[in-house]
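Visitor: What would the 3D arrangement of this be:
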Amino acid sequence: MPATAPLPTARRDQAEPPLLQVERLSVQFGQQHVLRDISIDIPAGQTLVVLGESGCGKTVLLKTMIGLVRPAQGEVRFEGQPLSAMRERDLAHLRTRYGFVFQGAALFDSMTIAENIAFPLREHTRIPAAEAHEIVTSLVDEVGLPRTVLTKKPVEISGGMRKRAGLARALALDPLLILYDEPTTGLDPIMTDVINELILRVKERPRVTSVVVTHDMNTARKVADRIIMLYPLFRLSPGESQIVFAGTTEELDRCRDPRIRQFVEGRAGNRLTELQDEQSLEERP
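Guide: Here you go, the predicted model:
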């Protein structure tokens, strides 16, 4: 992208305030800078896909969106309320309005699938056990799992089933915002499309907003209303935006930026040489 070209932005004009706002966000761990000057507006009901290669800060961005990572600069606002101004108790309550689908499902090994899905209900509500059981069975049906899995432990079911159980747990409190961290990693193509179909089905819930972090282009094309692409900071000059693309899937296909084409088309280019050079530098005394 030429240096004189306008920088991409993930903001857009809206008739109503966005559900989630990320404003001039920067994150670093010690001396390592991970995110720099990120601004995103996410309207209610939209599915935003965040693309980018490993190490560009996608998962850190998700964790910052729910207050698990504190930014070095900038702000995250949910329904206009800044997360930085909230006490930990208020943040914990706010997170009941989020659903988080972890990359590895993150189910509790010692619990049955039914107990895993019911966990948010037990922790954050006082509904009777019978009502909780009805919610759990309804969610199992919604994500396409047989009810026979309810009594099984996570180790007794397949990876795809664990992913779907994780999604069911994320839906237990009927969240306004669902965050997916690499939801199809490790799955075969058919199960990947099952998860994509479920993301679309969840979108049909009234006003559900979704953020999907992925490197899978099939997932991005199928579920996204809008896409942003992050680029690793160490590959950018100081003045370049870390968001190297923001737009629709159609605009992504028309974009000629070589960095974006390399990712979309899955080409290694000169990366192997770069990795070998980096390894040589690390091995020097």
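
Visitor: For Asp188, grab phi and psi.
Guide: phi -70, psi 170 (degrees, to the nearest 10).

Visitor: Skipping adjacent residues, who's closest to it in space?
Guide: Gly160 (7.9 Å; C-beta to C-beta, 6 or more residues apart in numbering). The way it works is simple: take the backbone N, C-alpha and C, and place the C-beta from them, glycine included.

Visitor: what's next to the helix or strand containing the one you found, contact-wise?
Guide: Gly160 is located in helix 159-171, with elements delineated by DSSP states H and E. Contacts of helix 159-171 with the rest of the structure, by C-beta atoms under 8 Å, 6 or more residues apart in numbering, involve 99-102, 104-107, 113, 116-117, 119-120, 136, 139-140, 142-145, 149, 154, 157, 178, 183-184, 186-188, 191, 194-195, 198, 202.

Visitor: What segments of the stretch 51-200 of the chain are strands?
Guide: Remark: strands assigned in the stretch 51-200 of the chain by DSSP state E, counting those that start in this stretch are 73-78, 81-82, 98-101, 177-181.

Visitor: How many neighbouring residues does the residue nearest to Asp188 have?
Guide: Number of residues near Gly160 (other C-beta atoms under 10 Å) recorded here: 20.

Visitor: coming back round to it: adding mean neighbour count, mean pLDDT and distance to Gln242, write the strands of the stretch 51-200 of the chain out as a markdown table.
Guide: Output for the strands of the stretch 51-200 of the chain, formatted as a markdown table (neighbours: other C-beta atoms under 10 Å; pLDDT from 0 to 100; distance: least, C-beta to C-beta, whole Å):
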| stretch | mean neighbour count | mean pLDDT | distance to Gln242 |
| --- | --- | --- | --- |
| strand 73-78 | 18 | 94 | 12 |
| strand 81-82 | 12 | 92 | 22 |
| strand 98-101 | 23 | 90 | 23 |
| strand 177-181 | 24 | 94 | 19 |
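
Visitor: With distance to Ile260 added, can I get the ones you listed in a markdown table?
Guide: Shown next, in a markdown table, are the strands of the stretch 51-200 of the chain (distance: least, C-beta to C-beta, whole Å):
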| stretch | distance to Ile260 |
| --- | --- |
| strand 73-78 | 24 |
| strand 81-82 | 32 |
| strand 98-101 | 26 |
| strand 177-181 | 22 |
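
Visitor: Any idea which of those gets closest to Ala129?
Guide: strand 98-101 (21.9 Å; C-beta to C-beta).

Visitor: roughly how far is the closest one from the heart of the chain?
Guide: Strand 98-101 has its C-alpha centroid displaced from the chain centroid by 9 Å (C-alpha atoms, centre = their mean, to the nearest Å).

Visitor: repeat for stretch 62-77
Guide: Per C-alpha atoms, centre = their mean, the centroid offset for stretch 62-77 relative to its chain is 14 Å.
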